[in-house]
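Colleague: What follows is a protein structure lacking sequence information:
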């Protein structure tokens, strides 16, 4: 069965510092991978997605993520964090349903990002 | 603007009561989903529907029910059988013919609490 692990529950970085949020997945084939961001009391917003091709994908708000098949990882990065980036971040992998259809997502438990001034 | 509307934003349930959470989308998406979010637990799938008049149980369907009579609407009922309903509930939709993965678009959620 597919699974997603986000090893860091909570990360604090200083404003202007670089950021890397870790995501490891378990999946038998080429995965469909997503990063979402959630502000308190809000829904999730898609930051970026990887389906195939270039392993470095660019997203909104200056975020990028790199797919590394050998490490089963899809880490999210940002070169310089802004105070408005404080939120919770979720990694997700596209799941196989019964009969081989895909469409559901399996989410990691999230990483909460705090930003120090 | 197209999007997903969840209502109400806050909901309170009395013991033994069923409550219904509304989810409406005007994105013309085929698939719709309900998730439950608890602190530190991430998102867990309750039910999903890929077409009208069809829906499937997710990982934690017990104590919940849904209907999909219209493409735009996917209401979730939290029944009295759900003994721990306090959580944040998120509805999502996607362009989702089978065998493809598309991003899911989320509503702003409903927070359900027990009185």
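Modeller: Okay, I see it. As the structure is a computational prediction, the values presented were derived from the model and not from experiment. Numbering: from 1, shown residues only, chains lettered A, B, ... in the order given.
Colleague: Quick check: residues of chain B near chain A?
Modeller: B:4, B:6, B:31, B:33, B:40-43, B:45, B:48, B:50, B:56, B:58, B:90, B:92, B:94, B:96, B:98-109, B:111 (C-beta under 8 Å from any C-beta of the partner chain). Using the backbone N, CA and C atoms, a C-beta is placed for each residue, glycine as well.
Colleague: which of these are buried?
Modeller: B:4, B:6, B:31, B:33, B:42-43, B:45, B:48, B:50, B:58, B:90, B:92, B:94, B:96, B:101-109 (16 or more other C-beta atoms under 10 Å in any protein chain shown).
Colleague: which stretches of chain B aren't confidently modelled?
Modeller: Applying pLDDT under 70 to chain B flags residues B:1, B:96-101.
Colleague: Once you drop chain neighbours, what's closest to the residue nearest in space to the middle of it?
Modeller: Taking C-alpha atoms, centre = their mean, the centroid of chain B lies closest to residue B:34, which sits 2.7 Å from it. Once flanking residues are discounted, residue B:34 sits nearest to residue B:46: 4.3 Å by C-beta to C-beta, 6 or more residues apart in numbering or on different chains.
Colleague: In contact with residue A:14: list those residues for me.
Modeller: A:81, A:115, A:116, A:117 (C-beta atoms under 8 Å, 6 or more residues apart in numbering or on different chains).
Colleague: number of nearby residues for the nearest residue to the last one once chain neighbours are set aside?
Modeller: It stands for residue A:117. Counting by C-beta to C-beta, 6+ apart, residue A:117 lies nearest to residue A:15, which is 5.8 Å off, once chain neighbours are set aside. Per other C-beta atoms under 10 Å in any protein chain shown, the neighbour tally for residue A:15 reads 14.
Colleague: Following element in sequence after the top strand by length along chain B, please.
Modeller: Counting residues, the longest strand found in chain B (DSSP state E) is strand B:42-51. Note on strand B:42-51: by DSSP states H and E, the next helix or strand toward the C-terminus is strand B:54-57.
Colleague: Neighbouring strands of that next one in the sheet, and parallel or not?
Modeller: strand B:42-51 (antiparallel) (DSSP bridges).
Colleague: Contacts made by the strand it pairs with with the rest, please.
Modeller: With contact meaning C-beta under 8 Å, 6+ apart, strand B:42-51 is reached by A:44, A:90, A:101, A:103-104, A:107-110, B:30-38, B:55-61, B:64, B:66, B:68, B:74, B:76, B:89-90, B:96, B:98.
Colleague: Stretch B:87-94 now?
Modeller: A:43-44, A:103, B:4, B:6, B:21, B:23, B:25, B:27, B:29-38, B:43, B:46, B:74, B:76, B:102-107, B:109-112.
Colleague: Can you pull the residues of chain A lying near chain B?
Modeller: Chain A comes close to chain B at residues A:9, A:32, A:34, A:36, A:41-46, A:49, A:51, A:90, A:94, A:97, A:100-105, A:107-110, as judged by C-beta under 8 Å from any C-beta.
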